[in-house]
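> How does the following fold in three dimensions:
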Amino acid sequence: MGQAPEGPGPGAVLFDRDGTLIVDVPYNADPALVRPMPGAREALDALRARGVAVGVVTNQSGVARGLFGRDGVAAVRRRTEELLGPFAVWAVCPHGPEDGCGCRKPAPGLVLAACDRLGVPPGRTAVVGDIGADLGAAAAAGARGVLVPTRATRRAEIAAAGEKAHDLPGAVALLLRPVGGTSGAGRGGDGRCTDGGARRRREGCAL
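This next block holds a predicted model:
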């Protein structure tokens, strides 16, 4: 369990994997195909330099679909860290859309589990991703969400995003910028989720 840095700004920033940290190769389990998104290392190092914990929250339904196993997820994880440096936590949901898992984004389970592991409340956590499900998970958990659109991002998702940036360094600059002390939707006084509770996390989701 970590300790959030004192002062304004996030104590932790959680990133989506595919299309956010690394180029989206559908259902990829081959580390040779891992390529960082532009500015990813710069953005991550800026957070690390300030003592902000960085983590990954990712849906990997290829496991549920039988396209690859957990070893493939682990291989991509290792290659990602070789290229982008270490992450304080990886939260992975291997279930499919029909499995009803409370960890699969846009449900809040992955975000809440990562916050618990890091010892940082959701209200001091931000989630950065490229699609609406990432921001949906952030909102459901009581965390801040920033959209970094790609070609895969729907126009409606861009229009609905409360905060967005053109690239990852821009997203980090936005998160580190001093802002007024307003509480986000779904947050209680301690920054915890107040949406009535998430669906039950299914066995197999990994940290």
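
> for this structure, longest strand please?
Assignment by DSSP state E gives strand 53-59 as the longest strand of the chain.

> what about R151, neighbour count?
Using other C-beta atoms under 10 Å, R151 is surrounded by 7 other residues. C-beta coordinates here come from the backbone N, C-alpha and C atoms, glycine included.

> Please apply the same query to the one 4 residues further on.
Other residues lying near R155 total 8 when counted by other C-beta under 10 Å.

> returning to what we had before: what distance separates the longest strand of the chain from the centre of its chain?
Remark: strand 53-59 is offset 4 Å from the chain centroid, using C-alpha atoms, centre = their mean, to the nearest Å.

> mind listing the strands for the protein?
Taking DSSP E as the test, the strands found in the chain are 12-15, 53-59, 89-93, 125-129, 144-147.

> pLDDT averaged over stretch 126-137, what's the number?
Confidence for stretch 126-137, expressed as mean pLDDT, is 98.

> so how far does that stretch reach from one end to the other?
11 Å (C-alpha to C-alpha, to the nearest Å).

> residues of that stretch that come out buried?
Going by neighbour count (16 or more other C-beta atoms under 10 Å), the buried part of stretch 126-137 is A126, V127, V128, G129, D130, I131, G132, A133, D134, L135, G136, A137.

> mind listing what V89 touches?
L14, A53, G55, V56, A114, R117, L118, L207 (C-beta atoms under 8 Å, 6 or more residues apart in numbering).

> By neighbour count, which of the residues you listed wins?
Going by other C-beta under 10 Å, L14 tops those with 34 neighbours.

> So that residue sits against T125, correct?
Yes. The pair L14 and T125 qualifies as a contact (C-beta atoms under 8 Å) at a distance of 6.4 Å.

> Now do the longest helix along the chain: everything it contacts.
In the chain, assigned by DSSP state H, the helix with the most residues is helix 70-84. By C-beta under 8 Å, 6+ apart, the surrounding residues in contact with helix 70-84 are 17, 21-22, 28-32, 34, 36, 40-41, 44, 56, 60, 62-63, 87, 90, 92, 94, 206.

> Mind doing that once more with 6 Å?
With contact meaning C-beta atoms under 6 Å, 6 or more residues apart in numbering, helix 70-84 is reached by I22, A29, P31, V34, P36, A40, R41, L44, Q60, W90.
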